[in-house]
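Participant: compute the structure for the input listed below.
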Amino acid sequence: MSKVSKRKTLPAATEEATTRRTKRVKASPPPQYVEEQRNLQDLWKAAFLVGTEWDRLDSVYKYNWDFRNLEKEFEEGGKFYGIGPTNKVYIFAATETASTALPELLPTLAAVVAPRPPSMEIAINAVQREEEIVPLKHMKMDWMPYIPLAKSNLPQIFVMGCTQRKTSLKQMKVERLMKFQYCVPYIMNPKVEEEKERDADVEFFFPREPQPPLNCEFNWEVDEVETYTDNLIEEEELSPDEKEEFMEILKEEVKKSKRKMMDARKKRMENPNYEEAATYYGNKKLYKIYPVQTPDTPMIENRCHYVNRYYRNAHEII
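Facilitator: Predicted coordinates for the structure are as follows:
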């Protein structure tokens, strides 16, 4: 006798719920559109903001600064289009105050068009300290190649970058830490070197107790030691009892200044690379780039050609 299979019957409520589950369709999320990154959009971020305090770097990067003006100069008809293979573009960055009313910092770029790097050294200019010119690597900096998303028709681009990690700053000595914010991109400028040989200004502090030290500025080509001292006494900045001591210190500072001037001239005359550096400085092209003004960034009130004491003024502002 054959067995007849019995179909298991679900309760009506369970069967209805199952039917509903099979018909439920999950709604598709709305499409998300991500703006495609432009070829050189992050170029400005690749350059280290030389001379900017470490604790203020984040305040610069919190804004979405727009350097489309720089990007366009690499396109056909732009200043950096078709300049290779002999010439390359070397870019370094710094910061300026956005306006006199706002303490916000804005990034500025300088672009040098030349066959080789402007310098493999950097200057350290601290207040009341001698100028130092040290190799870039001493401050963990270098000219680093920038790799764009697309390389077609682009010249070689190098940025002044820094490999110093921010996380290790706490272990760094204060003197070493401060040197980073005193860094200034350097180039051997014949005019600057010759000015060092003509610098007759002397600045020093004369100790006074219990008063704070007296800050003195003296030009040994214009001023006379005793007359200058008598004027300070007349202005009650100096007491008559301090005259002789002050004059001795001032005369010593003048000797140091004259010795420094002679050393600068000797150094220039003995430098075998001086003439080459002078030719390089005269032939290079220097551009300064400010970000494009946008509603999301602080108002940029002033734009100037001045780059720094070594590069002086840019040929053009972009």
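
Participant: in stretch 270-290, what's buried?
Facilitator: Residues of stretch 270-290 classed as buried: Ala277, Tyr280, Tyr281, Lys284, Lys285, Leu286, Tyr287, Lys288, Ile289, Tyr290 (neighbour count, 16 or more other Cβ atoms under 10 Å). C-beta: built from backbone N, CA, C; applies to glycine.

Participant: tell me the mean pLDDT over that stretch?
Facilitator: The average pLDDT for stretch 270-290 rounds to 89.

Participant: ok, residues contacting it?
Facilitator: 67, 69-70, 73, 79, 106, 108-114, 116, 118, 187-190, 193, 268, 300, 303, 305, 307, 311, 314-318 (Cβ atoms under 8 Å, 6 or more residues apart in numbering).

Participant: try stretch 239-250
Facilitator: In contact with stretch 239-250 (Cβ under 8 Å, 6+ apart) are residues 202, 204, 206, 208, 216, 218, 225-226, 228-230, 232-233, 238.

Participant: where in the chain is pLDDT low?
Facilitator: Counting by pLDDT under 70, the chain shows low-confidence ranges at 1-35, 128.

Participant: ranges for the helices of it?
Facilitator: 12-23, 43-46, 57-61, 68-72, 174-181, 190-198, 225-234, 243-270, 274-283 (DSSP state H).

Participant: now distance to Ile147 too, for those, in CSV please.
Facilitator: What follows is the helices of the chain, written out as CSV (distance: least, Cβ to Cβ, whole Å):
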stretch, distance to Ile147
helix 12-23, 53
helix 43-46, 9
helix 57-61, 20
helix 68-72, 15
helix 174-181, 25
helix 190-198, 34
helix 225-234, 58
helix 243-270, 39
helix 274-283, 26
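
Participant: quick one: which of those helices is nearest Thr97?
Facilitator: Nearest to Thr97 among the helices of the chain is helix 57-61 (11.5 Å), distances taken as Cβ to Cβ.

Participant: circling back to that earlier point, what about the contacts of stretch 270-290, which are in strands?
Facilitator: Mapping the contacts of stretch 270-290 onto strands (DSSP state E) picks out Leu106, Thr108, Leu109, Ala110, Ala111, Val112, Val113, Ala114, Val307, Glu316, Ile317.

Participant: what is the neighbour count of the last one?
Facilitator: By that I understand Ile317. The tally of other residues near Ile317 (other Cβ atoms under 10 Å) stands at 14.

Participant: which one is Gln37 nearest to, not counting chain neighbours?
Facilitator: Counting by Cβ to Cβ, 6 or more residues apart in numbering, Gln37 lies nearest to Leu149, which is 6.9 Å off, once chain neighbours are set aside.

Participant: quick one: that neighbour and Gly84, what's the gap?
Facilitator: Between Leu149 and Gly84 the computed distance is 18 Å (Cβ to Cβ, to the nearest Å).

Participant: how about Val225?
Facilitator: 58 Å.

Participant: rewinding a little: any of the contacts of stretch 270-290 buried? List them.
Facilitator: The buried subset of the contacts of stretch 270-290 - by 16+ other Cβ under 10 Å - is 67, 70, 73, 79, 106, 108-114, 118, 187-189, 193, 300, 307, 311, 314, 318.

Participant: got a list of what Pro115 touches?
Facilitator: Thr86, Asn87, Lys88.

Participant: and the second one, what does it touch?
Facilitator: With contact set as Cβ under 8 Å, 6+ apart, Asn87 has these partners: Val113, Ala114, Pro115, Pro155.

Participant: among those, which one sits closest to Met139?
Facilitator: Among these, and counting by Cβ to Cβ, the member closest to Met139 is Ala114, at 21.8 Å.

Participant: measure the closest residue to the closest one other than its chain neighbours to Lys196 for me?
Facilitator: Spatial nearest neighbour of Ala114, chain neighbours left out: Lys284 (4.5 Å); criterion: Cβ to Cβ, 6+ apart. With distances taken as Cβ to Cβ, Lys284 is found 21 Å from Lys196.

Participant: then Ala277?
Facilitator: From Ala277 to Lys196 the distance is 14 Å (Cβ to Cβ).

Participant: please apply the same query to Arg116.
Facilitator: According to Cβ to Cβ, Arg116 stands 24 Å off from Lys196.

Participant: same check on Lys258?
Facilitator: 12 Å.

Participant: which residues touch Lys191?
Facilitator: Neighbouring residues of Lys191 by Cβ under 8 Å, 6+ apart: Arg312.

Participant: that'll do, ta.
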